[in-house]
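>>> Predicted model, plus sequence, below.
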Amino acid sequence: NNKIPTILILLWLGITFIFRWRESPKPIYIADSLGIDIDVFLTITAIALSAIAYNSIYRLVYIVKYHVANQPTNRPTNHNLNTRSILYLFVIATIAISLFSHCSPIYPFQTWCDPNFFFTVGKSVINGVVPYRDLYEQKGPLLYFIHTLAATISYRTFIGVYLIEIIIAWFYLLISYKTISLFCINRKILIICAPLCMIAYSSIAFYMGDTAEEFCLPCIAYALFIGLKTIRNKQSISFSEAFFVGVTAACVLWIKFSLCGFYLGWIGYLLYVYFKCKWGIRIIPTFIYAIIGLITLSIPILIYFSYHDALYTMIETYFINNSTLYGDTSNSICTLLKNIFNSSVCNFVWLLIIAGIFVSKKHNCLIYFLSTLCCLLSAIYIRISFVYYAFILVAFAPV
């Protein structure tokens, strides 16, 4: 209803769009094909996108205002996805990855160095090369094995990575739907999932795709959902859920262990909830099932490196070297705050997180939201900051 601020915001976004893409070869190529000036093409495109954005945001605000915000805050919800909704989310995930990941077939090359490093190590495993022992790279072994799987699909292109990225984004959207359903009893949640996905994957934090954070995203999102469900519905975690949380923790551990900081906040606050709700008798069995899940995925990885006489090399390279040689080793609070600030000023995802803080406060899960968020931030930004580090924060965006 406030048209002047809305128009000013869209005007700012339009100008930003024009300046950001003015030197890019893709719009220049399209403009040349159409036979018009690049500035004219971008201006027309910006106006069209602004009109679409205005209409889309208006509809989304209407849904939130009249269908979401007025729902009961303590009503347990359990929306089950039907086949049509699952396919819809798969299509949204496919569109997002196709547009924003440079592993997509619409891009001629994946020009970022990191995915090429991962893919090189993944392909080498097929040829008998053992990571860390024969080929030095410092990310987690599971990340390389994922790229080995991708290489078996397409050895000379990133098509395999592209397909795995779609599945990862699809899982994230499925979990996001379940998370949003904890706060809404409205059937239009699917409409919210589409802009959520596009905002997340068009963020500069996604960079060119194929990051360690991207593959950890559904794991963190699932654990966050389980914790939120426990708090909102006042039901203890089932043993099967605990097992799968352990599996997701193992995935994060063997892809990028610094992201495991999230689980410190997750465990700490849920222990408080268990004691508060007098579920103390279930604490030990729940942790046992989670540990079983952690071990289930970890054992094959440890066996692989032990069999190839590379276990110590893997531990030294992945855990020790990453902890002592990478980034600012002072571990000062100033470094942490500086890195968080540098990340926050260039990632739109942070706006969603700030909104999530207000939502979680309204629904009595603020401390859980903040404890998991702060533990994650402390772990990933303690030494160094890269723009793609913030992509893991997309896990908090559904809230």
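Alright, I've got the coordinates.

>>> So, low pLDDT: which residues of the chain?
Scanning the chain with the threshold set as pLDDT under 70 gives 1, 63-79, 186-187, 327-331, 345-347.

>>> and residue 139, which of the three is it?
coil (DSSP: H, G, I helix; E, B strand; the rest coil).

>>> my read is residue 99 is in a helix, agree?
Yes - judged by three-state DSSP, residue 99 forms part of a helix.

>>> tell me, how many neighbours does it end up with?
Residues contacting residue 99 under the criterion other CB atoms under 10 Å number 13. Quick note: C-beta positions are derived from backbone N, CA and C, even for glycine.

>>> Check the one 4 residues further on too.
When neighbours are defined as other CB under 10 Å, residue 103 has 26 of them.

>>> Might one say that it is in contact with residue 211?
No - the pair residue 103 / residue 211 is not scored as a contact, 10.9 Å apart, by CB atoms under 8 Å.

>>> now the helices for the stretch 201-350 of the chain?
According to DSSP state H, counting those that start in this stretch, the stretch 201-350 of the chain carries its helices in the segments 212-233, 239-255, 261-276, 283-307, 311-314, 322-324, 333-344, 349-362.

>>> Could you list every helix and strand that the third one packs against?
Taking 3 or more CB pairs under 8 Å, 6 or more residues apart in numbering; DSSP states H and E as the contact definition, the neighbouring helices and strands of helix 261-276 are helix 212-233, helix 239-255, helix 366-380.

>>> Kindly recompute the last result at 10 Å.
helix 212-233, helix 239-255, helix 283-307, helix 366-380 (3 or more CB pairs under 10 Å, 6 or more residues apart in numbering; DSSP states H and E).

>>> sorry, back to before: between the helices of the stretch 201-350 of the chain, which one is closest to residue 382.
Residue 382 lies closest, by CB to CB, to one member of those: helix 333-344, at 5.4 Å.

>>> Tell me which residues of that closest one come out buried.
For helix 333-344, the neighbour count (16 or more other CB atoms under 10 Å) marks 335-336, 339-340, 342-344 as buried.

>>> distance of residue 236 from residue 285?
According to CB to CB, to the nearest Å, residue 236 and residue 285 sit 10 Å apart.

>>> no, scratch that, I was asking about residue 112
In terms of CB to CB, residue 112 sits 44 Å off from residue 285.

>>> which one of the two has more residues nearby?
Legend: neighbour count by other CB under 10 Å for residue 112 and residue 285, higher for residue 112 (16 against 11).

>>> all helices in the stretch 51-200 of the chain, in order from the N-terminus.
In the stretch 51-200 of the chain, the helices defined using DSSP H, counting those that start in this stretch lie at 83-100, 113-126, 141-153, 159-181, 189-202.

>>> Give me the neighbour count for the closest residue to residue 133 other than its chain neighbours.
Closest residue to residue 133 apart from its sequence neighbours, by CB to CB, 6 or more residues apart in numbering: residue 310 at 3.8 Å. When counting by other CB under 10 Å, one arrives at 18 neighbours for residue 310.

>>> My read is that residue 310 contacts residue 132, right?
Yes - using CB atoms under 10 Å, residue 310 is in contact with residue 132, at 5.9 Å.

>>> Between these two, which contacts overlap?
141, 317 (CB atoms under 10 Å, 6 or more residues apart in numbering).

>>> Can you name the residues that contact residue 128?
For residue 128, the contact set (CB under 10 Å, 6+ apart) comprises 134, 308.

>>> any idea which of the helices of the stretch 201-350 of the chain is most buried?
Ranked by mean neighbour count, these are led by helix 212-233 with a mean of 23 (mean count of other CB atoms under 10 Å).

>>> and that one, how far from the chain's centre?
How far helix 212-233 lies from its chain's middle: 10 Å, per CA atoms, centre = their mean, to the nearest Å.

>>> thought residue 385 was touching residue 205?
No - in this structure, residue 385 is not within contact of residue 205 by CB under 10 Å, at 11.3 Å.

>>> rewinding a little: and which of the buried residues of helix 333-344 is nearest residue 268?
residue 336 (18.8 Å).

>>> ok, residue 107 - contacts?
26, 98-101, 158, 162, 208-209 are the contacts of residue 107 under CB under 10 Å, 6+ apart.

>>> Also residue 357?
366, 369-370, 373, 396, 399.

>>> Go again with 7 Å.
366, 369 (CB atoms under 7 Å, 6 or more residues apart in numbering).

>>> about what we covered before: between the helices of the stretch 201-350 of the chain, which one is nearest to residue 43?
Set against residue 43 and scored by CB to CB, these come closest in helix 349-362, at 25.8 Å.

>>> Specify the angle between the closest one and helix 333-344 in degrees.
100 degrees (axes from the mean of the first three to the mean of the last three CA atoms, to 10 degrees).

>>> ok and helix 349-362 relative to helix 212-233, angle-wise?
10 degrees.

>>> which residue lies farthest from the center of the chain?
For the chain, the largest distance from the centre (CA atoms, centre = their mean) belongs to residue 35, which lies 39.5 Å off.

>>> I'd like the distance between residue 384 and residue 322.
11 Å.

>>> With residue 272 instead?
31 Å.

>>> Show the contacting residues for the one residue sitting closest to the centre of the chain.
Against the mean C-alpha coordinate of the chain, by CA atoms, centre = their mean, the closest residue is residue 217 at 3.4 Å. Shown in contact with residue 217 (CB under 7 Å, 6+ apart): 168, 172, 392, 394-395.

>>> and the closest residue in space to residue 343 that isn't next to it in sequence, how many neighbours?
Leaving out its chain neighbours, the residue that sits closest to residue 343 by CB to CB, 6+ apart is residue 390, at 4.7 Å. Residue 390 sits with 28 neighbouring residues when counted by other CB under 10 Å.

>>> Pretty sure residue 390 sits in a strand.
No - going by three-state DSSP, the assignment for residue 390 is helix, not a strand.

>>> Distance of it relative to residue 111?
Taking CB to CB, one finds residue 390 at 21 Å from residue 111.

>>> do residue 263 as well
Residue 263 is 34 Å from residue 111, by CB to CB.
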